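A.B. asks: What shape does this take:
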Amino acid sequence: GIGVLELLAPTVGFTWQDIGNTRFSNPVPNTNQSISFGLAVHPKFGDFQTHFALDVRELNQSSTFPKKAHFGAEVQAPRYFGFFTPSIRAGANQLYFTGGVTLDFRYAKIDFAAYGEEAGKSTRSKQLRRYAFDLIFGF
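C.D. replies: Below you'll find the predicted structure:
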């Protein structure tokens, strides 16, 4: 019954990954534990569903804040012709531009994303561009 919460539809997430020792055999290096926190709101504007998210990863690691920060927005259009829902995304991964498009059909989904990630030890020293494409079928 709280109006602003119903409008924003917020979600919060917290993860603690790789708790304890992750080595199962001697030649495998130990992975450090990682703590992450995320917050998102999902307001609807007319027939358009939107998502705005902020994610801060590896809070317990010694690295700069920009390497930990991830944020973005998505706009999902209404379903067209009864079977087709397009959406578009934009944001930043470690302060490098990200973007994507999804075409969600009744029995298949096509998803494309492009993003950058830091390959260097310091912030904004070496960007690696990544591209992803998914074709998913479901009934």
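A.B. asks: Do I have it right that Gly116 meets Lys126?
C.D. replies: No: Gly116 is beyond contact range of Lys126, at 10.0 Å (criterion: CB atoms under 8 Å). All C-beta atoms are positioned from the backbone trio N, CA, C, and that covers glycine.
A.B. asks: Of those two, which one has the most company?
C.D. replies: Gly116 (17 against 11; other CB atoms under 10 Å).
A.B. asks: how far out from the middle of the chain is the helix or strand where the more buried one lies?
C.D. replies: Per DSSP states H and E, Gly116 falls inside strand 108-118. How far strand 108-118 lies from its chain's middle: 10 Å, per CA atoms, centre = their mean, to the nearest Å.
A.B. asks: buried residues in that strand?
C.D. replies: By neighbour count on 16 or more other CB atoms under 10 Å, the buried set for strand 108-118 is 111, 113, 115-116, 118.
A.B. asks: CA-only coordinates of it in PDB, if you can.
C.D. replies: In PDB, the C-alpha atoms belonging to strand 108-118 read as follows (Å, rounded to 0.1, in the frame of the first residue of the first chain):
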ATOM      1  CA  ALA A 108      12.400 -17.700 -29.800                       C
ATOM      2  CA  LYS A 109      14.500 -14.900 -28.400                       C
ATOM      3  CA  ILE A 110      17.400 -13.100 -30.100                       C
ATOM      4  CA  ASP A 111      19.700 -11.200 -27.900                       C
ATOM      5  CA  PHE A 112      22.800  -9.100 -28.800                       C
ATOM      6  CA  ALA A 113      25.100  -7.300 -26.300                       C
ATOM      7  CA  ALA A 114      28.300  -5.300 -26.500                       C
ATOM      8  CA  TYR A 115      30.300  -4.200 -23.500                       C
ATOM      9  CA  GLY A 116      33.800  -3.300 -22.400                       C
ATOM     10  CA  GLU A 117      35.700  -4.500 -19.500                       C
ATOM     11  CA  GLU A 118      39.000  -3.500 -17.800                       C
END
